[in-house]
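Engineer: Coordinates for the following, if possible.
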Amino acid sequence: MHQNFKTLELAILLHKKVAPLEIPFYQKEQLQRASQSIALNLSEGAGRFTSSEKKRFYRIAFGSLRETQTILKMLELKDKRYLHSLTKPLLRCVNYLRRYDAQFFSVNRTVNCYR
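Structural biologist: Below is the predicted model of the structure:
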């Protein structure tokens, strides 16, 4: 189903990269929930049939991505640039999906949002 859904792949990669961070528990827990929410909402949105349903889940994923970015900004991390480099292409992809006319969106269609 998600064979060519690159945005979902980026979201999963981001979630995997934030998991091993050594930060205070309360921040780590929130960061993991927010980053996981991105992937879960993208997946659920892709499984919906109407454009309004798709857009709703893509908007939620966008909000979770912004939350993830804010948490990363608040942390004092040595590898902050590396993590932000993961969120930048994902932000472009999620924002594209959020605004895209979901009526014409197909999960099997590759979205070129890496430019």
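Engineer: Counting by contacts, list what the longest helix that the chain contains packs against.
Structural biologist: Ranked by residue count and defined by DSSP state H, the top helix of the chain is helix 51-74. For helix 51-74, the contact count by 3 or more C-beta pairs under 8 Å, 6 or more residues apart in numbering; DSSP states H and E identifies helix 6-18, helix 25-46, helix 80-99 as packing neighbours. Backbone N, C-alpha and C define where each C-beta goes, glycine included.
Engineer: Enumerate the positions of that helix that are buried.
Structural biologist: 54-69, 71-72 (16 or more other C-beta atoms under 10 Å).
Engineer: orientation of that helix relative to helix 25-46 in degrees?
Structural biologist: Helix 51-74 and helix 25-46 are oriented at 160 degrees to each other (axes from the mean of the first three to the mean of the last three C-alpha atoms, to 10 degrees).
Engineer: Could you list the low-pLDDT ranges of this structure?
Structural biologist: By pLDDT under 70, the low-scoring segments of the chain are 1-4, 99-115.
Engineer: Apply 90 and report the result again.
Structural biologist: Counting by pLDDT under 90, the ranges of the chain that qualify are 1-11, 13-14, 17-24, 46, 49-52, 54-55, 58-59, 62, 65-66, 69-115.
Engineer: Quick one: residues contacting residue 27.
Structural biologist: Contacts for residue 27 (C-beta atoms under 8 Å, 6 or more residues apart in numbering) come out as 71, 74-75.
Engineer: and if you look at residue 77?
Structural biologist: Residue 77 makes contact with 21, 23, 83, according to C-beta under 8 Å, 6+ apart.
Engineer: Please consider this matter closed, and thank you.
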